[in-house]
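Engineer: quick one, what's the 3D model for this:
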Amino acid sequence: MSNPVKVFFSYSHKDEALRDELATHLSMMKRQGIIEAWHDREISAGSEWANAIDDNLEVADIILLLVSANFLASDYCYDKEMTRAMERHETREARVIPIILKPTDWNGAPFGKLQALPKNAKPVTTWPDQDEAFLNVAQGIRKVVEDIAKSKTSSTASGTTTPATSSPPAMSGGLTERQRRRLEQERDSLQQQYDRQSEKLSRLRQAYGIETDTATKFKLEAQIQESQTEQSRLDRQLEEIEQKLL
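Structural biologist: This next block holds a predicted model:
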């Protein structure tokens, strides 16, 4: 691809190992030439690091916010990079994607209104298999990359200079504001149901583990299976909504 999508990593250096893991999972897109990924470790000796970061942030098509307590505590990540990233997102010059690396309280953050990865905004480090979490993140990023790549191609063919992310009156992902708001409300409601189902399943498993009566254990086992089925149904619905919101 002659005009690859530029991806910028905004992260805390304390999370560098996780950033490297994510970069590894994006390697296929880099090999295919559909993305160019940049982070501050790319800065060459003798360069002014602040200027290099600003320059690459300004031309990025996608800005990945690698969210953790370290990220939120970093004045440079939060006040400089994230603030500018959100400004560019609001003007549709770029797409901002929060990647939740570790459990942290990001409620109320400016990027909180955006669809986060991995699915259900479940932090990467809490997945039983982190490779599976990063795969889910990479697949979500690929969908956004493909959308932007198509826009770039069509803009080039028509000779226009319209930003790749603009598609008024629709919002990012081809949804109107009303459609996105309705889907987000539905997602929030399903997430609450999913969380309640998870708590119920946990209680049933605990009860099963300590129960000694065979008949009661049989009933608990049936309830556990029923609860797992319902949880899987809710998970599928959540995933479908999240794919629409990307």
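
Engineer: report the buried residues of stretch 64-83.
Structural biologist: Residues of stretch 64-83 classed as buried by neighbour count (16 or more other CB atoms under 10 Å): 64-71, 74, 77-78, 80-82. Placement of C-beta: from N, CA and C, glycine included.

Engineer: any idea how far the spatially most central residue of the chain lies from residue 136?
Structural biologist: With distances taken as CA atoms, centre = their mean, the residue of the chain nearest its centroid is residue 117 (2.2 Å). Residue 117 is 7 Å from residue 136, where distance means CB to CB, to the nearest Å.

Engineer: can you check residue 242 too?
Structural biologist: For residue 242 relative to residue 136 (CB to CB), the value is 10 Å.

Engineer: find residues that contact each of the two.
Structural biologist: Listed as contacting both residue 242 and residue 136 by CB atoms under 8 Å, 6 or more residues apart in numbering are residue 119.

Engineer: using the three-state scheme, assign residue 8.
Structural biologist: What DSSP: H, G, I helix; E, B strand; the rest coil gives for residue 8 is strand.

Engineer: same deal with residue 99?
Structural biologist: With three-state DSSP as the basis, residue 99 sits in strand.

Engineer: which is the next helix or strand following the helix or strand hosting residue 63?
Structural biologist: Per DSSP states H and E: residue 63 is located in strand 62-67. Downstream of strand 62-67, the next assigned helix or strand under DSSP H and E is helix 69-73.

Engineer: past that next one, which element shows up next along the chain?
Structural biologist: helix 75.

Engineer: relative to strand 62-67, how tilted is the next helix or strand after that following helix?
Structural biologist: Per DSSP H and E, the first helix or strand lying C-terminal to helix 75 is helix 83-90. For helix 83-90 against strand 62-67, the angle by axes from the mean of the first three to the mean of the last three CA atoms, to 10 degrees is 130 degrees.

Engineer: domain boundaries for the protein, per the record?
Structural biologist: Residue ranges for the domains of the chain, per automatic domain parsing: 5-168, 182-245.

Engineer: closest one to residue 175 among the ones you listed?
Structural biologist: Among the domains of the chain, the nearest to residue 175 by CB to CB is domain 182-245 (7.1 Å).

Engineer: what pLDDT, on average, does that closest one get?
Structural biologist: Average pLDDT, domain 182-245: 83.

Engineer: and the next helix or strand past the helix or strand where residue 146 lies?
Structural biologist: Secondary structure assignment for residue 146, by DSSP H and E: helix 130-158. Per DSSP H and E, the first helix or strand lying C-terminal to helix 130-158 is helix 177-210.

Engineer: okay, buried residues for that next one please.
Structural biologist: Buried-residue list, helix 177-210, by 16+ other CB under 10 Å: 180, 183, 187, 190, 193, 194, 197, 201, 204, 208.

Engineer: past that helix, which element shows up next along the chain?
Structural biologist: Past helix 177-210, the next helix or strand by DSSP H and E is helix 214-245.

Engineer: on contacts alone, who are the packing partners of that following helix?
Structural biologist: Helices and strands touching helix 214-245, by 3 or more CB pairs under 8 Å, 6 or more residues apart in numbering; DSSP states H and E, are helix 177-210.
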